[in-house]
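> With the sequence up front, the predicted model follows.
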Amino acid sequence: MMLAQTLLLAEEAHTSEVEGADLILPAPYDLLWSIVIFAIIAVVFTKVILPKLQTVLDERAELIQGGIEKAEKAQAEAAAALEEYTAQLTEARAEAARIREDARVEASQILAEARRRAGTDAERIVETAQRQIDAERHQAVISLRTEVGSLATELASRIVGESLADDARQQRVIDSFLDDLESTVKAEG
Amino acid sequence: MGNLLAAVVSAEAADSGESKSYIERMFSSDGFHAPSITDFFPPALFGDGTIFEFNRIMMVRLIAAIALIVVFAIVAQRAKVVPGRFQASIEFLLDFVKDQIVEPVMGHEGKRFLPILTTIFLAIVFFNITGVIPFLNIASTSLIGLPIIMALWVYVLYLAHGVKKHGLGGYLKNSLFPPGVPKAIYLLLTPIEFLQVFILRPATLALRLAANMIAGHLLLVLCFSATQYFFFAASGAMKATGAVTFAAGFAFTLFEVFVALLQAYVFTMLAAVYLNMALEEEH
């Protein structure tokens, strides 16, 4: 009944006697073609096109997410490397400072040692020289003692041998003796 | 397209009963033709009087549907992870539905309805926009059938999901007897809610869309028909009035583009809201 009525209305449409109600009462053909067209769109979109686009969007989201994660990881690695580097640098500086300190201490030790050794050497040299001097003096004393005896003896014999009357002569003899003695001492000293 | 033009030409020629050529008639006027609702019932191209009757508006729908599917099929076919300009603009539409409609209204749960709501939005945009495209010149949604089909889809969808989630009794109780009001109020509230859920929601969805498109078409036809009359039939100073009506036609064309998008937004938004209400525990 309803169908027949709407069909009739649709018929009338062409004779330009259209009722205002036709605008909200769909003609059967209107519904039919609407269903066909919209069903095609609905199926194609929900089953084919939108899923396909969605996969691409998901893929992109994944890619961006992955990129962000990778970047974060790289940043974390860089931060760790920097920390390690800083730690190494600090350690290296500390070690350098320690080495310098060691070197300074060692240098002062070496210096002190050298000074000490030089002091000892100097002392030893002085002592040796002293000993040598002592020995030479001793030797001189000994040789003097023997020579003074023989010289005294020689002088006495000379004095006795020559006439002791002449004062001038006597004086000459003494002088020559002393000169001899002096020259001997000089030659020996 | 040629078929369509020929149909238009022959229909117009039959109406006026004259034998001027199409081009001649383009630059002349035989009086002012006010727009009327007969515009929405053009003569049949074939199957006149049967359920298979196929007229100009059906043709426009078919063209819009093919354009929609072809555009998106091409984008889907060539979709790349790094989008080109065209893909990016298409994705903007998809993101618009997701970020402006589905997520604000339905939250995280809306994700499973995203394909359906996106389809509705895109279909309405393409069907509406034919109203301002030269040679098509009528919104596919200005004939009530298509809005009714889409509204019915939303209707069935929210009823089905409501019943599936809460059970038949649970859903009826939820929607007809909203909690938190004194028992006596149900005498008043329950019939209203019943009307709301089972009749008004789908009816208003369909009517709002169709009425907007009908009004838009009538406005445009009025403006352009008047322009034609003033330019080619009126004399003297009256001709200048044509400039005003032409400017109005220009403005209304832009306005119709806006309305086409707005109505798609409103329809999809309300579909999301109704779905959400059906799924909510209490409201």
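It's in.

> Please name every helix or strand in contact with the longest helix seen in chain A.
Ranked by number of residues, the top helix in chain A under DSSP state H is helix A:50-161. Contact here means 3 or more Cβ pairs under 8 Å, 6 or more residues apart in numbering or on different chains; DSSP states H and E; on that basis helix A:50-161 packs against helix A:167-188, helix B:56-78, helix B:85-96, helix B:114-129. For every residue, glycine as well, the C-beta is placed using N, CA and C.

> for the record, mean pLDDT for it?
For helix A:50-161, mean pLDDT rounds to 89.

> How far does that helix sit from its chain's centre?
Here helix A:50-161 is found 18 Å from its chain centre; the criterion is Cα atoms, centre = their mean, to the nearest Å.

> returning to that earlier point: closest one to residue A:26 among the helices and strands packed on helix A:50-161?
Of all those, helix B:56-78 sits nearest to residue A:26, with 11.8 Å by Cβ to Cβ.

> circling back: out of the helices and strands packed on helix A:50-161, which comes closest to residue B:245?
helix B:114-129 (22.9 Å).

> Export the closest one to CSV, keeping only CA atoms.
Coordinates of each C-alpha in helix B:114-129 appear next as CSV, following Å, rounded to 0.1, in the frame of the first residue of the first chain:
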residue,chain,number,x,y,z
LEU,B,114,36.8,4.7,13.8
PRO,B,115,36.5,3.0,10.4
ILE,B,116,32.7,3.2,10.4
LEU,B,117,32.5,6.8,11.5
THR,B,118,35.3,7.8,9.1
THR,B,119,33.4,6.2,6.3
ILE,B,120,30.2,8.0,7.2
PHE,B,121,32.1,11.3,7.4
LEU,B,122,33.9,11.0,4.1
ALA,B,123,30.8,9.7,2.3
ILE,B,124,28.7,12.6,3.5
VAL,B,125,31.4,15.1,2.6
PHE,B,126,31.6,13.7,-0.9
PHE,B,127,27.8,13.4,-1.3
ASN,B,128,27.2,17.0,0.0
ILE,B,129,29.9,18.7,-2.0
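
> as a whole number, average confidence for it?
Per-region confidence: helix B:114-129 scores 94 on mean pLDDT.

> Next, count neighbours for residue 167.
You didn't say which chain, so I picked chain A. 8 (other Cβ atoms under 10 Å in any protein chain shown).

> I was thinking of chain B, sorry if that wasn't clear
If you count neighbours by other Cβ under 10 Å, residue B:167 ends up with 12.

> and the helices and strands packed on helix A:50-161, which one's lowest on average pLDDT?
Ranked by mean pLDDT, the helices and strands packed on helix A:50-161 bottom out at helix A:167-188, with a mean of 79.

> Determine whether any part of the helix or strand harbouring residue B:227 lies close to chain A.
Element membership of residue B:227, judged by DSSP states H and E, is helix B:201-232. Yes: applying Cβ under 8 Å from any Cβ of the partner chain, one finds helix B:201-232 in contact with chain A at B:207, B:210, B:214.

> Could you find the closest non-adjacent residue to the last one?
So the one you mean is residue B:214. residue B:142 (4.9 Å; Cβ to Cβ, 6 or more residues apart in numbering or on different chains).
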